[in-house]
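Novice: here is a sequence with its predicted model. Questions after.
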Amino acid sequence: MKAKSFDRKFDAGGNVLANLDLRKARRARAEARRVNVDFPAWMVESLDREAQRLGVTRQSLIKMWLADRLATPLPRRS
């Protein structure tokens, strides 16, 4: 399929997935980078309780909370 045909189909809301090779598709800037953070014991215990309540791992909980927080920027100070 030519690029112009692909663009027209996509712009019209058509399904273009059959025209893509998704085997090598990657999310931009999604590579993992290790970060070490030291938390006090009480905080780890609280994280573990909340993670268990939600049925996720501690690491997943931290990632979810950070992603949520970073998606909502702080208001700028004057």
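Specialist: Arrived safely, thanks for sending.
Novice: what helix or strand does the most centrally placed residue in the chain sit in?
Specialist: For the chain, the residue nearest the mean C-alpha position is A67 (6.9 Å; CA atoms, centre = their mean). For A67, the host element (DSSP states H and E) is helix 58-71.
Novice: for that helix, which positions count as buried?
Specialist: Applying a neighbour-count criterion of 16 or more other CB atoms under 10 Å, the buried positions in helix 58-71 are 61-62. For the C-beta atoms, the positions are set from N, CA and C on the backbone; glycine is no exception.
Novice: residues contacting it, please?
Specialist: Residues from elsewhere that reach helix 58-71 (CB atoms under 8 Å, 6 or more residues apart in numbering): 44, 47-48, 50-51, 54, 56.
Novice: adding neighbour count and distance to L74, write those out as TSV.
Specialist: Shown next, in TSV, are those (neighbours: other CB atoms under 10 Å; distance: CB to CB, whole Å):
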residue	neighbour count	distance to L74
V44	12	25
L47	17	22
D48	13	27
E50	13	23
A51	17	25
L54	11	25
V56	14	26
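Novice: now, which of these sits nearest G13?
Specialist: Nearest to G13 out of those is V56 (CB to CB; 34.7 Å).
Novice: circling back: out of the contacts of helix 58-71, which sit inside helices?
Specialist: 44, 47-48, 50-51, 54 (DSSP state H).
Novice: can you add pLDDT and give those residues back as CSV?
Specialist: Shown next, in CSV, are the ones in helices among the contacts of helix 58-71 (pLDDT from 0 to 100):
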residue, pLDDT
V44, 98
L47, 98
D48, 98
E50, 98
A51, 97
L54, 96
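Novice: in a markdown table: these, plus distance to S78.
Specialist: Shown next, in a markdown table, are the ones in helices among the contacts of helix 58-71 (distance: CB to CB, whole Å):
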| residue | distance to S78 |
| --- | --- |
| V44 | 37 |
| L47 | 34 |
| D48 | 39 |
| E50 | 35 |
| A51 | 38 |
| L54 | 37 |
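Novice: nearest to N19, of these?
Specialist: Using CB to CB, the ones in helices among the contacts of helix 58-71 come closest to N19 at L54, 38.5 Å.
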